[in-house]
Every structure is written in structure tokens, then in C-alpha cells.
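Colleague: Dropping the sequence and predicted coords here.
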Amino acid sequence: MRILVIEDEVRLARNIQAGIQSVPSFAVDLCHDGEDGAHQAVVADYDLIVLDLMLPGVDGLTVLRRLRAAGKATPVLILTARSTPEDVVRGLDYGSDDYLGKPFDMGELLARIKALIRRSHGRPDPRLKVADLEIDTRAHAVRRAGRTLRLPALQYRLLEYLAFRAGSVVSKTELLEHLYDYNWERFSNVIEVYISSLRAKIDRECTPKLIHTVRGQGYLLAAEGGGTEDGA
């Protein structure tokens, strides 16, 4: 999952980035002013935005208005020292999804981020299941047919994203846009490499096969492939 943090306090922003990236699920981009943040939020596809209200140039509520006016339904968690009831109501009225006041606990921030992302995908249960594959998004643990599978962070992130979209074909472009920050090389064959590695771990000696390639379209995590190929 790809997250955008819009926070003008550079040190705090980097601490938030480090805290979020300590979880295998997330890649994080940073913006330090409202104008850049609003632009990045609209032109890129994020799974969640952490947004400060008191920003230089363009304030957080204006960023939020621009985002919603552009038709973006990206979940937004407002993070600010202004946490009066009036501020909370204004943020919610402008289209935010949650509100956390400063100072905050990193564990609470991470829990709220995970909950908002699950809700945005219509999957409130932190355990994602496809056939006998189970992904515990709290513990970042993967099991298939009762066997625990140990996955490196990027493999886990890819599998988790496919599981949130289980039953739907996900293009390579979408995977690159949602799994990596804006410094990543978009034309790399890393997705094919990780899909191949995941197949070896998830589908080896197991039926049904769960990871499918849909020619010319992308990848599908499902118990039934329906006209798909097995190769990466």
C-alpha cells in the first residue's frame, strides 16, 4: 500500500515515514507544503493520505477540498495539533475519514491507518482469506493449508495488495503505483520476479492454484483462474 504524508515539520514527517515504513505493508511519499501535497494527492493514486491542517501556502482543508473536488475517494487521516471539536467537525465535513491529534502514539497512528485501508476495500476483518490462504494484516503473517510462510517485506506487500483485491484482475501498472514510492523505476520487471517467487511459495504442492496471470491484463488472486495462465 502506498501512503502520502503531507506534513510541513520535516523532522516529524520523516519520523512518521520511518514509523509507517517499519510495517511491511507500506511505502511512503512525503510532501512538506500544501501546494505540492495537493498536486501529488490528485495526480497519483494513494491508498491513504496523512494530512496536517497547518501547512504553508495552502492549508490542509484546502488540500482536502481539492482532493474531493477532483473525485478522489482516497481515505484521509487528518493529523494536527488543532483538535478542538470544531476542528474535528470541519475536517469531517470537508471529507476526511479520521482525525488524530498531536502529540500522538505511533502505534495508534498505524492502527488507524490499517483500519481505514481495510474499510476502504470493504474488508473490515484484519484476516484476509482466499481458499485456504490466510493473511493476518495485523501480524503480517501468511499461512496456507495450515503452513506458515515467511515472506520478505516486498513479497508480503504484493500478496497483501492482491488479497485486498481478491477476485479482481490487477494490472502491473497498478501494482507498481501502489506498492512503491515515487522514486521507484516504473519500468522494472520486479513485479514479474516477485509474482514468480510468490507462486513458488503459495502454490507449490497446493491446490487449487491461487495466483494467476491474465494475458495482457495483469494478475489475479483467486481460487479459480478462469481463462488465465500460470506463468509470470
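Modeller: Sure thing, it's come through.

Colleague: Which residues does the lowest-mean-pLDDT helix or strand in the chain contact?
Modeller: When the helices and strands of the chain are compared on mean pLDDT, DSSP states H and E, helix 85-93 comes out lowest with a mean of 80. By CB atoms under 8 Å, 6 or more residues apart in numbering, the list of residues contacting helix 85-93 from outside reads 53, 61, 64, 78, 80, 99. Just so you know, the C-beta spots here come from the backbone N, C-alpha and C atoms, and that holds for glycine as well.

Colleague: that's a strand at the second one, yeah?
Modeller: What that stands for is residue 61. No - under the criterion used here (DSSP: H, G, I helix; E, B strand; the rest coil), residue 61 is helix, not part of a strand.

Colleague: just to revisit the earlier point, going by distance to residue 182, which of the contacts of helix 85-93 wins?
Modeller: Using CB to CB, residue 64 is the member of those that lies nearest residue 182, at 20.9 Å.

Colleague: For that closest one, identify the helix or strand it belongs to.
Modeller: helix 60-69 (DSSP states H and E).

Colleague: Follow the chain on from that helix and name the next helix or strand.
Modeller: strand 76-80.

Colleague: Tell me which residue lies farthest from the centre of this structure.
Modeller: residue 205 (30.0 Å; CA atoms, centre = their mean).

Colleague: any idea of the mean pLDDT for the lengthiest helix in the chain?
Modeller: Longest helix of the chain, by residue count under DSSP state H: helix 106-120. Helix 106-120 shows a mean pLDDT of 95.
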